[in-house]
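Enquirer: I would like the atomic coordinates for the input below:
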Amino acid sequence: MKKNVLIVVLALLLNACGAGKALLAIEKSPVIISIDLINIVDDKVQVVVDPGAFSTSTVVFRIPKTVPGTYSSDNYGKYIEAFKATDYKGNVLESTKLDDNSWSISSAFQLDRIEYLVNDTYDTENDVEDAVFSPAGTNISAGSNFMLNLHGFVGYFDNFKEVPYAININKPADLVATTSLAFTTDRKPDSQWDAFSAKRYFEVIDNPIMYARPNTETFEINGITVTLSVYSPNNVYKASDLKERMVSMMGAQKKFLGDVDSTKEYSILLYMSDVNVPDAHGYGALEHHTSTVVVLPEAMDIGRLEQAMVDVVSHEFFHIVTPLSVHSKEIQYFDFNDPKMSEHLWMYEGTTEYFANLFQIQQGLITEEDFYERMLGKITNSKFYDDSMSFTKMSKNILEQPYEPNYANVYEKGALINMCLDIILREKSNGEKGMLWLMKELSKKYGTDVPFEDAALFGEIISMTYPEVGAFFNKHVIGTTPIDYDEYFAKVGLATKEVEEATGYFFDGQVPYMDVDVQNDSVVFIRKNITLNSFFDDLKLKGGDIFRTINGKDINLESLRPIIGESFGWTPETVVNMTVERDGELISVEGPVGKPVKKATKVVALEGVSQETVKLRNAWLKN
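Expert: Below is the predicted model:
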């Protein structure tokens, strides 16, 4: 009641002083945002913020430091220039920059508007040491493309993140918007303006907008309307090139999820970067409740592009389960400038990544061998990180050292944690329950608008499942004991075994055993970060050796190519001689090329296991 009286008194005072607009409590009126995509200034976009009136002498305006899903401090305020606050008469109000992302504005009860310029992140990625992850970044290409991850353009006022927003965008007539943000007709003076609305600030940043010339496909997947929009700068790809694979993949995902139904529409914004100019190179995707932003190189061939889209988009789409439906208070009430992180990245990213692989074997998109190969790859990759680090402690402190460098392990060990939990649940329930069952139960208990207490989740899960689940959490997720994955493979009649596989002489499939040092006369050398095949081992060659001659021919990139071609016709008895440089010394080797093989670890089915074990494996992989 006292607050209402104060507003009335201030209104009378401002009206007596000739205030330019009626004083409205900001809680009831929308923050009006105007973004100008036509009048670009030095590759920068102007943004105008028109809030309701304040009843305080000072207010703080902020651009996010961190946004959900990135788990990094990106400081989007660093891309803001020419910040200015003015009163109702156009006079500049005093403002103080508190840090990279925050401005304190004096005489806030006189504040009429804020304006500033926004620089984009894509064309500066090569110049910044800790560049913004491209799917969370921004692009300003006048007249052709605008990637509006709105946290890079639109800010909020302290204590007013829950007020509505009206966003008006002045855009080129030939560019169209793809977004899941609600279109409105509140302000549309002509065809150059798009108008959107959001109920609160989180909804603003949760709905990216991509402007490009029309290149979209829309399709229905079991009640979900999916829009795929593609920006291909050199017109290499159309959305229609990917539609069939996306329909197949997302249809399989929806079948896998069953009755999980948290959205009626979903937007896929694919930005294809040009590797020949300064452009985005942080390839991957960032999830939102009803959309995802994907950044991939335009130079990819269609086969690799399709598979990348399956792997990346399937991961992001599964985020509709967690954290978008099942999440803690740290996520629900995310502090964009002083974030408190949750300890459950094992679930938010790990469960999602596991499902993105599991659904493909369950729905027949990949073979069992493909699935095992993926899990083995994750086991190998997880060893590059601190395998004895508590996953919950890492998650809670992921923005700090020494935990931040281990973040990518959420996609490796995080997925493996879920694999082991899935097997435990299948074993204890005679194959009836798994991780998907658990996530569905958690979704029923909590859901999009009801967060859980971070410290209470493990107890909730254990009460819903089995003591063995709690023991696993305490030992391998909260605790620091590395996981013996063979123990869990054995439960489903599998084991890891070292085998020999055929390879090429100079290539393992499409992966070369050599590399080129472009900074040093483009010399060709044997890679160090790869396990060499028998061809190199038998000749006693090592990673780092520089090729100088092969069969009497001086070696550079051009002269090596015909030799690689000849190698396809070599027989095991073919003799080759080489000269390599190792630590400044020339070394000559000679011998038969043999039949090249490599040592590889495989997951294989154990012989003589019980029918119950086989049944359990089938329940895990096929139900």
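Enquirer: C-alpha from now on. contacts and neighbour counts both.
Expert: Fine.
Enquirer: Now do the strands in the stretch 251-400 of the chain.
Expert: Using DSSP state E, counting those that start in this stretch, the strands of the stretch 251-400 of the chain run over residues 265-273, 284-287, 291-297.
Enquirer: What ranges does the stretch 401-550 of the chain have for its helices?
Expert: Secondary structure of the stretch 401-550 of the chain by DSSP state H, counting those that start in this stretch: the helices cover 413-428, 435-445, 457-464, 467-472, 485-491, 534-538.
Enquirer: and the fifth one, what other elements does it pack with?
Expert: It refers to helix 485-491. Counting contacts by 3 or more C-alpha pairs under 8 Å, 6 or more residues apart in numbering; DSSP states H and E, helix 485-491 packs against helix 413-428, strand 494-502.
Enquirer: where among these is the average confidence lowest?
Expert: Lowest mean pLDDT of the helices and strands packed on helix 485-491: strand 494-502, a mean of 92.
Enquirer: buried set for that strand?
Expert: Buried positions in strand 494-502, judged by neighbour count with 16 or more other C-alpha atoms under 10 Å: 494-496.
Enquirer: List just the nearest of the residues you listed to Lys383.
Expert: Proximity of the buried residues of strand 494-502 to Lys383 (C-alpha to C-alpha) peaks at Thr496, which lies at 16.0 Å.
Enquirer: Return the residues in contact with the closest one.
Expert: 486, 601-604 (C-alpha atoms under 8 Å, 6 or more residues apart in numbering).
Enquirer: Thr216 is in contact with Tyr237, isn't it?
Expert: No. Using C-alpha atoms under 8 Å, Thr216 is not in contact with Tyr237; the gap is 11.0 Å.
Enquirer: Let's have the contacts of Thr496 in JSON lines, adding secondary structure, distance to Thr225 and neighbour count.
Expert: JSON lines is the format used below for these (DSSP: H, G, I helix; E, B strand; the rest coil; distance: C-alpha to C-alpha, whole Å; neighbours: other C-alpha atoms under 10 Å):
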{"residue": "Asp486", "secondary structure": "helix", "distance to Thr225": "42", "neighbour count": "12"}
{"residue": "Thr601", "secondary structure": "strand", "distance to Thr225": "42", "neighbour count": "15"}
{"residue": "Lys602", "secondary structure": "strand", "distance to Thr225": "40", "neighbour count": "16"}
{"residue": "Val603", "secondary structure": "strand", "distance to Thr225": "39", "neighbour count": "20"}
{"residue": "Val604", "secondary structure": "strand", "distance to Thr225": "41", "neighbour count": "15"}
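Enquirer: And the pLDDT for His151?
Expert: 96.
Enquirer: Would you confirm that it contacts Pro64?
Expert: Yes. With contact defined as C-alpha under 8 Å, His151 reaches Pro64; the gap is 6.3 Å.
Enquirer: still on that earlier bit, okay, and the common contacts of Thr216 and Tyr237?
Expert: Val230.
Enquirer: show me where pLDDT drops low in the protein?
Expert: Scanning the chain with the threshold set as pLDDT under 70 gives 1-28, 128, 185-191, 261-262.
Enquirer: Try it again at 50.
Expert: For the chain, the stretches flagged by pLDDT under 50 are 1-26.
Enquirer: quick revisit: now the common contact residues for His151 and Pro64.
Expert: Shared contacts of His151 and Pro64 (C-alpha under 8 Å, 6+ apart): Tyr76.
Enquirer: how close does the closest residue in space to Ser95 that isn't next to it in sequence sit to Asp517?
Expert: Spatially, and ignoring its direct neighbours in sequence, Ser95 is nearest to Ile105 (4.3 Å; C-alpha to C-alpha, 6 or more residues apart in numbering). Separation of Ile105 from Asp517 (C-alpha to C-alpha, to the nearest Å): 53 Å.
Enquirer: between the two, who's got more neighbours?
Expert: Ile105 (22 against 11; other C-alpha atoms under 10 Å).
Enquirer: Where does the more buried one fall, secondary structure wise?
Expert: In the assignment (DSSP states H and E), Ile105 maps to strand 102-106.
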